[in-house]
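>>> next comes the sequence, and after it the predicted model I'd like to discuss.
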Amino acid sequence: MTQAQEIGVRLGDVTGGNVAVDGVFSTSEFSRIHADVSFGNGGLGVDALWDFIYKPLGEDGFNWYAGVGPTVFLGDPFILAAAGELGIEYRFAEAPVSLSVDWRPTLTLVETTDMFFDRFGFNIRYIINR
């Protein structure tokens, strides 16, 4: 059963630019899909990561997560990659807002093969339901 859903903006390194529409869709109590869609650099970028660890961290409102998933850039050049994700988020108790920062090391597979360790992002999301 789907639980919390969130929609917002990602600022930082995303496939296809520096700004993306960012969404989180719960799949269970401790897992979720974290997806981004961006337009830029002459194409469309899509990231869909499965956060397979999502647990409270100390104080109420703080959570950490780790995940993995595919990324694709539909443009010239076409890019197919796999990304990891490690992040921390804070959910405000008094407002339906979450803030998070994460690191996404990425291995590009097509058209070139390369590894990137310098991809970071800041996410601001509205929590649709809790």
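Nice, thanks for sending it over.
>>> ok, how many other residues are close to residue 88?
14 (other Cβ atoms under 10 Å). The way it works is simple: take the backbone N, C-alpha and C, and place the C-beta from them, glycine included.
>>> please name the nearest non-neighbouring residue to the most centrally placed residue in the chain.
Nearest to the mean C-alpha position of the chain, counting by Cα atoms, centre = their mean, stands residue 34 at 4.6 Å. Leaving aside its chain neighbours, residue 34 sits nearest to residue 49 (4.7 Å; criterion: Cβ to Cβ, 6 or more residues apart in numbering).
>>> name the helix or strand for the one you found, please.
strand 43-56 (DSSP states H and E).
>>> next, the buried residues of that strand.
43, 44, 45, 46, 47, 48, 49, 51, 54 (16 or more other Cβ atoms under 10 Å).
>>> also stretch 109-122?
Buried residues in stretch 109-122 (16+ other Cβ under 10 Å): 119, 121.
>>> straight-line length of it, end to end?
25 Å (Cα to Cα, to the nearest Å).
>>> which residues touch the residue nearest to residue 34?
33, 34, 35, 67, 68, 69, 83, 85, 104 (Cβ atoms under 8 Å, 6 or more residues apart in numbering).
>>> in PyMOL, select just the buried ones from those.
To isolate the buried ones among these in PyMOL, judged by 16+ other Cβ under 10 Å, type:
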select buried, resi 34+35+67+69+83+85+104
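>>> what's opposite residue 101 in the beta bridge?
For residue 101, the beta-bridge partners under DSSP bridges are residue 88, residue 122.
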